[in-house]
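# using only what follows, build the 3D model:
(one chain, ligands or ions: 2)
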Amino acid sequence: MAKIALITGITGQDGAYLTELLLSKNYIVHGIKRRSSLFNTDRIDHLYQDPHDINKNLILHYGDLSDSTNLIRIIQQVQPDEIYNLGAMSHVKVSFDTPEYTANADGIGTLRLLEAIRILGLEKKTKIYQASTSELYGLVQAVPQSETTPFYPRSPYAVAKLYAYWITVNYREAYGIFASNGILFNHESPLRGETFVTRKITRAAAKIAMGLQDKLYLGNLDAQRDWGHAKDYVEAMYLILQQETAEDYVIATGVTTRVREFVRLAFKELGIEVEFKGEGVDEKGYVLSCNNPDFDVEIGKEIVAVDEKYFRPTEVELLIGDPTKSKTKLGWEPKYDLQGLVKEMVAADVDLFRREKLLEDSGYSIKKQFE
Ligand code: NDP
Ligand code: GDR
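Ligands and ions are numbered 1, 2, ... in the order given. Predicted coordinates for the structure are as follows:
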């Protein structure tokens, strides 16, 4: 019998890669998508199956983590073997603007799923994966951060995720539910949302090289992140639910890099050397050289600047994970390093904006004003 999985957040970056992975393992995959005034399934459209086909193995349901009635109904109908709770308001900076909504979706949303399992008497059948985060570590207590490092969340997002982490542990201990946290450090890909820093940088690098954008404005260039590839990280989610016992695992590369360095690496992929001068809000990035004949960027041009509006009221300065437990117990091994990640992201964005450039050059403008 094929295993049945239910994924919340199926339309997000991780949801898309996890769906691909589980379909390749012959799962029947159900996903919860939110109603939106525009189509929001771009990341999984390549996996589309005719909803009228009775043999389909990818099925979408409308729903929301803020609505327990709908979660109970879907879980009752689907009877999943595994639930992957990836749905969340996942942007740290935005969580300062929408703290109550973030607490509801990211914190209480997890409780609603766990309660649904209890209410439906599925404690012995349904395993649940909770998308926990390195943001839990927040203000540095110790490095590298492992499963035993104390938490000190620094945003409404991280505080909501702290509740979700502990309610997952509590339902495991209180009711014997197979409930595990994956404490995942930052992971990126060409499917990464456009307002997270890595994708913002790779998109801007491609556009600046092609003459479609003038400058890249960023916030804290000193922040350090342990960046991996989402494709590797969804493998870990799957492995966490295949274990004999439910436990919590750190998933990370063990390498940390500053935002400023990510900028250099992204432009370097395009043959453009960037040098930074100045400090704090006055720091700027200039074109030092360009050895790519495809791109006509002016040497000495200022292409990176700092805008305070991207600063966070409280920042997480340094994340570096210790993946020893996941490597030894899960046998998890990432296939990508940072260079491979940057290469893939930049190549995908160059490809994307080649089409935009073609349209621009033909007199059409498809510029997005509110990027
Ligand atoms: P994305 O932001 O790309 O995707 C989030 C998903 O959640 C989307 O499908 C979104 O729907 C959905 N969603 C948002 N709000 C709700 C809601 N109220 N009810 C139901 N669904 C909702 O995130 P990622 O794929 O990058 O991350 C997946 C999970 O892992 C998140 O929980 C995130 O917090 C966590 N995480 C991510 C890390 C990373 O580096 N990527 C690291 C550690 C943890 P829509 O498409 O309609 O917006
Ligand atoms: P993060 O990712 O907050 O770590 O959360 P993000 O890419 O947003 O920020 C990383 C670091 O870069 C700094 N930064 C900027 N960030 C953004 N978004 N835009 C900018 O212009 C900019 N300039 C500098 C930030 O201050 C920060 O230090 C991500 C999300 O996926 C969470 O859901 C997840 O839990 C964590 O990763 C692990």
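
# skip the chain neighbours and tell me the closest residue to residue 72.
For residue 72, ignoring the flanking residues on the chain, the nearest one in space by Cβ to Cβ, 6 or more residues apart in numbering is residue 116 at 4.6 Å. (Glycine included, C-beta is placed from N, CA and C.)

# smallest gap between the stretch 201-350 of the chain and ligand 1, at which residue?
For the stretch 201-350 of the chain, the residue closest to ligand 1 is residue 230, as judged by Cβ to the nearest ligand atom, at 6.4 Å.

# surely that residue meets residue 186?
No: contact criterion Cβ atoms under 8 Å: residue 230 and residue 186 do not qualify, at 9.7 Å.

# and for the residue lying closest to residue 331 once chain neighbours are set aside, the neighbour number?
Spatial nearest neighbour of residue 331, chain neighbours left out: residue 239 (7.2 Å); criterion: Cβ to Cβ, 6+ apart. Residues lying near residue 239 (other Cβ atoms under 10 Å) number 17.

# just checking the helix or strand where residue 239 lies against ligand 2, any contact.
Per DSSP states H and E: residue 239 is located in helix 230-241. No: contact of helix 230-241 with ligand 2 (Cβ under 6 Å from any ligand atom) is absent, the minimum separation being 9.8 Å.

# again, but for stretch 71-86
No: contact of stretch 71-86 with ligand 2 is not found when judged by Cβ under 6 Å from any ligand atom; the minimum separation is 10.2 Å.

# wasn't residue 286 part of a helix?
No: per DSSP: H, G, I helix; E, B strand; the rest coil, residue 286 lies outside any helix segment and is strand.

# contact residues of the stretch 1-150 of the chain facing ligand 2?
90, 92, 93, 133, 134, 135.

# just for this structure, where's the confidence low?
For the chain, residues meeting the criterion pLDDT under 70 lie at 366-367, 369.

# tell me which parts of it are close to ligand 1?
8-9, 11-15, 32, 34, 36, 40, 64-66, 86-90, 105, 131, 133, 184, 186-187, 193.

# give me the buried subset of those.
Those of the residues of the chain next to ligand 1 that meet the buried threshold are 8-9, 11-15, 32, 64-65, 86-90, 105, 131, 133, 184, 186-187, by 16 or more other Cβ atoms under 10 Å.

# just the residues you listed: which are in helices?
If you go by DSSP state H, these have 13, 14, 15 in helices.

# quick one: the last one from residue 43, how far?
In other words, residue 15. Going from residue 15 to residue 43 by Cβ to Cβ, to the nearest Å gives 7 Å.

# also the first one?
Residue 13 sits 7 Å away from residue 43 when distances are taken as Cβ to Cβ.

# identify the contacts common to the two.
residue 191 (Cβ atoms under 8 Å, 6 or more residues apart in numbering).

# and the residue of the stretch 201-350 of the chain closest to ligand 1, how far is that from residue 152?
26 Å.

# which of the two has more neighbours?
Higher neighbour count among residue 230 and residue 152: residue 230, with 23 against 14, using other Cβ under 10 Å.

# thinking again about what came up before, show me what contacts the residue nearest to residue 72?
68, 71, 72, 75.

# tell me which element the last one is part of?
Taking DSSP H and E as the definition, residue 75 sits inside helix 68-78.

# for that helix, buried residues please.
Buried, per 16+ other Cβ under 10 Å, within helix 68-78: 68, 70, 71, 72, 74, 75, 78.

# for the residues you listed, which one is nearest residue 54?
When the buried residues of helix 68-78 are compared for distance to residue 54 (Cβ to Cβ), residue 78 comes out closest, at 16.1 Å.

# if we ignore the residues flanking it in sequence, what's nearest that closest one?
The shortest distance from residue 78 to any non-neighbouring residue, by Cβ to Cβ, 6+ apart, is to residue 30 (4.8 Å).

# partners of the one helix or strand the one you found maps to, with directions?
Residue 30 is part of strand 28-33, with elements assigned from DSSP H and E. Strand 28-33 sits in its sheet next to strand 4-8 (parallel), strand 58-62 (parallel), going by DSSP bridges.

# between it and helix 68-78, how big is the angle?
Orientation check (axes from the mean of the first three to the mean of the last three Cα atoms, to 10 degrees): strand 28-33 against helix 68-78 gives 170 degrees.

# any idea how far residue 348 is from residue 357?
In terms of Cβ to Cβ, residue 357 sits 15 Å off from residue 348.

# show me the strands in the stretch 51-200 of the chain, by range?
Here the stretch 51-200 of the chain has its strands, by DSSP state E, counting those that start in this stretch, at 58-62, 82-85, 127-133, 179-184, 187-188.

# got the residues of the stretch 151-300 of the chain near ligand 2?
185, 186, 195, 196, 197, 200, 218, 219, 220, 223, 225, 259.

# so what's residue 114 up against?
128, 167, 168, 171, 177, 179.

# quick one: residues contacting the last one.
Shown here is residue 179, whose contacts under the criterion Cβ under 8 Å, 6+ apart are 114, 127, 128, 130, 168, 169, 171, 172, 246.

# what's the separation between the residue nearest to residue 269 when sequence neighbours are not counted and residue 223?
Closest residue to residue 269 apart from its sequence neighbours, by Cβ to Cβ, 6+ apart: residue 346 at 4.2 Å. As judged by Cβ to Cβ, residue 346 and residue 223 stand 20 Å apart.

# and if you look at residue 156?
Going from residue 156 to residue 223 by Cβ to Cβ gives 18 Å.

# looking at those two, which one has more neighbours?
Each of residue 156 and residue 223 has its neighbours counted (other Cβ under 10 Å); residue 156 has more, 24 against 20.
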